[in-house]
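Peer 1: Have a look at this prediction, sequence included:
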Amino acid sequence: MNLPTYITGTVQSKGYRLLRQHVYEVLCEFDLTPTYWAMLGIILQARDGVRQVEIAQALHVKAPLITAMARKLEERDIIHSVQNQFDARAKLLAVTSDGKKFIKTVETALHKSLDQLLEGLTENDLVVYHKVLQTIITNAETLNKRETE
């Protein structure tokens, strides 16, 4: 990389703070945090339901946190427990029909807020940005794995 790290670090930090601020403001309107929002995304993508332990692993948090979060989302009728067809002892979390509407509403609000910050960027720019972040994550995981071996 030819740019000095202090320049890229400053830009990265400022960009992250601005994006985070916008996301937090919108999610706060819906009584959510980014962790709840990520959890809802994982559950929604699973379609047939997902085990709490899998959510905990995906979010790199302890299972009891997911249990507490799930309870709150169930109280709000956003998610519900369903029977695991392959293991009767295990419960899966799935999004309710009201939860799907809720997620769509939140997603629309987030896009509206973020569109202002992302003005001037093409869809391809955003795809490349996502790819860069994924590559950094993958490289960091590979380094961590090597260091623990």
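Peer 2: The structure has been received and is ready for your questions. In this text the structure is predicted, and so the values were computed from the model without any measurement.
Peer 1: Can you pull up the most central residue in this structure?
Peer 2: Ala38 (2.6 Å; Cα atoms, centre = their mean).
Peer 1: Thought Leu59 was touching it, still the case?
Peer 2: Yes. At 5.9 Å, Ala38 counts as touching Leu59 under the criterion of Cβ atoms under 8 Å. The C-beta positions use only the backbone N, C-alpha and C, and glycine is treated the same way.
Peer 1: Quick check: what element follows the one helix or strand the residue nearest to the centre of the chain maps to along the chain?
Peer 2: Following DSSP states H and E, one finds Ala38 within helix 34-46. Under the assignment DSSP H and E, the closest C-terminal helix or strand after helix 34-46 is helix 52-59.
Peer 1: Could you report the distance from Ala68 to Met39?
Peer 2: Remark: distance between Ala68 and Met39 (Cβ to Cβ, to the nearest Å) = 11 Å.
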